[in-house]
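[1] Here is my input, please return the structure:
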Amino acid sequence: MYLNCHTYYSLRYGTIKPEQLLAIASENGVQTLALTDINNTSACLDVVRLSEKYKVKPILGVDFRNRAEQQFILIAKNNHGFKNINDYLSKFLHNHDLKIPEQPDETLDDCFMIYPFQKGKDFKLKPNEFLGIAPEDLNHLKFSKWNQFREKLVVLKTVSFQNKKGFNTHRLLRAIDNNTLLSMLPKSEEGKENDMMLPYNELCETYIEFPELISNTGKLLDNCTINFNFEINTPKNQKCLTENETSDYKLLKQLTYNGIHYRYGTDVNQKVYDRIKKELTLIKEKNFVSYFLINWKILEYARSKDYYYVGRGSGANSIIAYLLRITDVDPIELDLYFERFINLFRQNPPDFDIDFSWRDRDDITQYIFKTFKHTALIAVYNTFKFKASIRELGKVFGLPKSEMDKLTRGKYNITQLDKLSQLVIKYSTYIQGFPNYLGIHAGGILISEEPIHNYCATFMPPKGFATTQFDMVVAEDIGLYKFDILSQRGLGKIKEAVEIIDANYTTQLPIDIHDIKRFKKDERIKDLLRNAKAIGCFYVESPAMRMLLKKLQVDDYLGLVAASSIIRPGVSNSGMMRQYILRHRHPEKRQEAHPVLQSVMPETYGVMVYQEDVIKVAHIFGGLDLGESDMLRRGMSGKFRSREEFLKVKQKFFDNCAKRGEAYELVADVWRQIESFAGYAFAKGHSASYAVESYQSLFLKAYYPLEYMVATINNFGGFYSTELYVHEARMHNGKIEAPCINQSSIQTIVKGKTIILGFMFLQSFESKTIERILNDRTNNGLFKSLDDFIERVPISIEQISILIKINAFRFTEINKRELLWEAHLKISKTIVETDVTNLFKTEKISYNTPELPSTDLENAFDEIELLGFALCNPFLLLTTETTGNLRARHLSSLEGKFIVIEGYLITIKKTTTKKRQLMHFGTFLDRDGDFIDTVHFPPVSSKYPFRGKGIYKITGKVMLEFSCVNIEVSKLERLAIIEDPRYSVQSLNPTFQNKKNFRDLKILHDS
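    Numbers count the residues shown, from 1 in each chain. Model prediction:
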């Protein structure tokens, strides 16, 4: 009986969760309702899926509005009508300049249209159009001409909130949406306070004088039926790549056998053929053929464009994926567990995550949209987070910034807050998790057999690709499985490094970056791994990974594959990371593993490391069949709404082990380890894919460190900031120079051992200025002087000041302070752009500028301002030159001793203890440029917090574990640096000032 119901997917308007709406309907005796969110279809499929549980018949539609102003409601008679509604809504969501008209401007078949009484009372209604009469319209209706045409009238009781608190929340959301104070929110932007669901009998009582309205509404709803199949038997993805399923399978088989020579050459054993036969049979049986072929088609295009990519995910367990070049992981070599990849119980396709360079991904996406007919990106629901909600609601209530800062930091006693601040906390908690706006999934793309609008409307984000209004979980509920097309800077820097090397080493053969078999045997790469010297290398450069590599002393492929998974929270939080390291370092401890676990996982010493291990343990140790084991796989994926998958099989796992006579304590511990994997576990093939990319970057780092660091810098690094990669280049004897107008490009370049930073790294330096400089230099040669530059390049005083301050005119050998003086005299504030070429050069006026020497110290502060870091050793900027001689290389011999050492802060990792107390891990550089790793337990973190970037005096105890050194910090003090000499009257560091030549300075890590 309700034709206009909203959930909180009526963004920044509704306040009811989708399932809650059905529960309210059931409580109020409502057997049918129409979900008509405002310009949104996000909740539609979920409401249909959940409706049976609440014995409510769902009808789908959309409430079309311009902001809060209702124009009309469209309700679908059937699935075709729902598609038409989605087509029509998407027209407005794709073009934000279009306003929704008062009447639909096109015919929409299989739909009912309902106009609000005040809007539509002067319309001439078509057979499928009705006037909606709200309770407040009933008195007006008595005196209206429409009282004589009651057959065209229906009940229009809007439902947007559950209760008074919901209405208050609605007003706050509307104020946020309108960016206004709550007290200034116009009534026209609000719903009505009584837009709540009444019990069915009470609703009928409200319209008792107009029984025809009740009857008409019931008939309308009876004429509506919506059906979606949530029992997934076959995927709803595009069924065929070729003309039919038979030719698809024939093509897949042909591509598979064609790929054998590329992958194995002539050295092919029977295992390969047996695995191929097994996989092809199951892929066909499970209707996954087109899924493989579509991925192959996308990657065939990528290879034609020389795009680098890495195929990851559980699909890496497949030899078919390996032979089709979707992945670079050989499942035979790694003994990848086939049942993790695909089994008879698995309904959804194996997952391929395809990583591309961030520079190439958009073109791949464009290709997919052009090639496949029914395509869309997948949305994510960006929700209100607690701290962000405090700021939003603080603005709505008019709180000062200082008060909002206090509330977001949690530094308050709620009983001592004023009423407004208490309301901010109360409602921030309430709206936490509400959808705020729709975003785009990191890489999910749907390629559907049927039009996407059969399932939902689409919107058009700035990227320019149609995007669904539901997320990937809803998509999977109906059998629409995403293709993951992801971007990754790691691939961008590998590709760029190869290009730089090929350009700089023209006499050698081009690098085959895909020669992974060679890389696995390379001694230089083994040395980098053993000594954890992998800064800049994909997945192995973070502080945690660097320390794990030291502890494991890994130097082979399988060891790196294991390390990539051990670092994940599922293994580390369960305590099994430590067990793995112990058993790896001390072979005698491997005997401590349970015999069954040792036999199931000999390669990892009886420790569960991969998702496959969990499935093996569940199947072999726990006696679960493969279907039940697949439930665990789903539970581990982290994609689903709860961990019900675990609970369904938990009791059977314990019962089976008890029957076999296993001790309860052992079984409970094994189950605890299984549970710890939920949402965090890596498939072995996934880790192996990561390891392949790690080997590619390790090879480049081992043999071409400067070129690789330049590529890393140009692709905006990895785990660390640009500054550390500049530092790492210095550690490999690179000479770092600031941008130069005669040598620099947009990006950083390397010439021999000299690395010249690119213009793009200069703060506030405009791209159009860069373009002018490079175009003129290409056409007319190098710049000879400041005057020559000013004459040739239109530039503002602000832009040329950046170039002068960074010393980009150093080739003139004129002090930059004098150049700045000249520039201010010779350049106007505005640029006059002209295409007219001067035929005659006018003689430049020479000014006698005062002698204005700049110092090396001022240069350092200019660099910090414009690059974000100084190009000199940061220790030279201390107010007091310290005499401490202790370095990171000395610490391993000082185990258990309390020491004091100075370190330049690189990065901080925050974490919490089991008691929810905050603690930190710190990463610093010493004066020689070597790493110092620190642990800050909660009392120290609280008493001695980090105070931003800079040099710290670290006091603490040296701890040594598995050859890895840490300092357990007891005191942390940030050391003072000198006052910025550009603004100070007198320098506080005459020693630095009096250096005769900056090149003689000890630059970072050259000592």
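[2] did I read that right, His920 in a strand?
    Yes - counting by DSSP: H, G, I helix; E, B strand; the rest coil, His920 is located in a strand.
[3] Once you drop chain neighbours, what's closest to it?
    Nearest in space to His920, with sequence neighbours left out and distances taken as CB to CB, 6 or more residues apart in numbering, is His936 at 4.2 Å. For glycine as for every other residue, the C-beta is placed from the backbone atoms N, C-alpha and C.
[4] List phi and psi for that neighbour.
    phi -120, psi 100 (degrees, to the nearest 10).
[5] could you say which helix or strand contains the spatially closest residue to Lys463 that is not a sequence neighbour?
    Spatially, and ignoring its direct neighbours in sequence, Lys463 is nearest to Ile440 (6.6 Å; CB to CB, 6+ apart). Here Ile440 sits within strand 435-447, counting by DSSP states H and E.
[6] Would you agree Asp353 is in contact with Tyr309?
    No - in terms of CB atoms under 8 Å, Asp353 does not count as a neighbour of Tyr309; the distance is 10.3 Å.
[7] where does the stretch 701-850 of the chain have low pLDDT?
    828-850 (pLDDT under 70).
[8] Alpha carbons of stretch 300-310, in CSV - could you do that?
    Extracted as CSV, the C-alpha positions of stretch 300-310 are listed here (Å, rounded to 0.1, in the frame of the first residue of the first chain):
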residue,chain,number,x,y,z
GLU,A,300,45.9,-9.7,-26.1
TYR,A,301,45.1,-6.1,-26.7
ALA,A,302,47.4,-5.0,-23.9
ARG,A,303,50.3,-7.0,-25.4
SER,A,304,49.6,-5.4,-28.8
LYS,A,305,50.2,-2.1,-27.2
ASP,A,306,53.3,-3.2,-25.2
TYR,A,307,51.5,-2.6,-21.9
TYR,A,308,53.0,-4.4,-18.9
TYR,A,309,50.6,-6.3,-16.7
VAL,A,310,50.5,-8.8,-13.9
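[9] Buried residues in it, which are they?
    Buried positions in stretch 300-310, judged by neighbour count with 16 or more other CB atoms under 10 Å: 302, 307-310.
[10] Let's have those residues in a markdown table, adding distance to Gly606 and secondary structure.
    Listed next are the buried residues of stretch 300-310 as a markdown table, based on distance: CB to CB, whole Å; DSSP: H, G, I helix; E, B strand; the rest coil:
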| residue | distance to Gly606 | secondary structure |
| --- | --- | --- |
| Ala302 | 40 | helix |
| Tyr307 | 41 | coil |
| Tyr308 | 37 | coil |
| Tyr309 | 35 | strand |
| Val310 | 30 | strand |
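[11] Would you mind giving those as a markdown table with distance to Leu803 added?
    A markdown table is the format used below for these (distance: CB to CB, whole Å):
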| residue | distance to Leu803 |
| --- | --- |
| Ala302 | 39 |
| Tyr307 | 35 |
| Tyr308 | 34 |
| Tyr309 | 38 |
| Val310 | 39 |
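[12] which secondary structure elements does the helix or strand harbouring Glu612 contact?
    For Glu612, the element it lies in under DSSP H and E is helix 611-616. Contacts defined by 3 or more CB pairs under 8 Å, 6 or more residues apart in numbering; DSSP states H and E place helix 611-616 against helix 338-341, helix 626-636.
[13] what about stretch 923-934, average pLDDT?
    Computed over stretch 923-934, the mean pLDDT rounds to 96.
[14] How about the residue most central in space within the chain, nearest residue that isn't a chain neighbour?
    Closest to where the C-alpha atoms of the chain average out (CA atoms, centre = their mean) is Ala442, at 5.5 Å. In this structure, Ala442 finds its nearest non-sequential neighbour in Leu486, 6.2 Å apart by CB to CB, 6+ apart.
[15] tell me the contacts of the one you found?
    Contacts for Leu486 were tallied using CB atoms under 8 Å, 6 or more residues apart in numbering; they are 353-356, 361, 442-443.
[16] mind redoing it with 6 Å?
    Contact partners of Leu486, counting by CB atoms under 6 Å, 6 or more residues apart in numbering, are 353, 355, 443.
[17] can you pull the buried residues of the host helix or strand of it?
    In the assignment (DSSP H and E), Leu486 maps to strand 483-488. Using 16+ other CB under 10 Å as the test for burial, strand 483-488 gives 483-488.
[18] Okay, angle between it and strand 435-447 too, please.
    110 degrees (axes from the mean of the first three to the mean of the last three CA atoms, to 10 degrees).
[19] Pairing partners for strand 483-488, with directions?
    Looking at strand 483-488 with DSSP bridges, its partner strands are strand 353-357 (parallel), strand 435-447 (antiparallel).
[20] now, of the ones you listed, which is deepest in the fold?
    Most buried of those, by mean neighbour count (mean count of other CB atoms under 10 Å): strand 353-357, with a mean of 24.
[21] What average pLDDT does that one get?
    91.
[22] How far away from the center of its chain is it?
    Averaging C-alpha positions (CA atoms, centre = their mean, to the nearest Å) puts strand 353-357 13 Å from its chain's average.
[23] again, but for stretch 544-556
    26 Å.
[24] Any chance you could list what contacts it?
    With CB under 6 Å, 6+ apart, stretch 544-556 has contacts from 526, 529-530, 532, 560, 563, 567, 581, 584, 962-964.
[25] Would you list the buried entries among these?
    526, 529-530, 532, 560, 563, 567, 581, 584, 962, 964.
[26] can you put the residues you listed in TSV and add pLDDT, distance to Gln508 and secondary structure?
    Listed next are the buried ones among the contacts of stretch 544-556 as TSV, based on pLDDT from 0 to 100; distance: CB to CB, whole Å; DSSP: H, G, I helix; E, B strand; the rest coil:
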residue	pLDDT	distance to Gln508	secondary structure
Lys526	96	23	helix
Leu529	94	25	helix
Arg530	92	27	helix
Ala532	92	29	coil
Leu560	93	27	helix
Ala563	90	32	helix
Ile567	86	36	coil
Ile581	92	40	helix
His584	93	38	helix
Phe962	90	40	coil
Cys964	93	38	strand
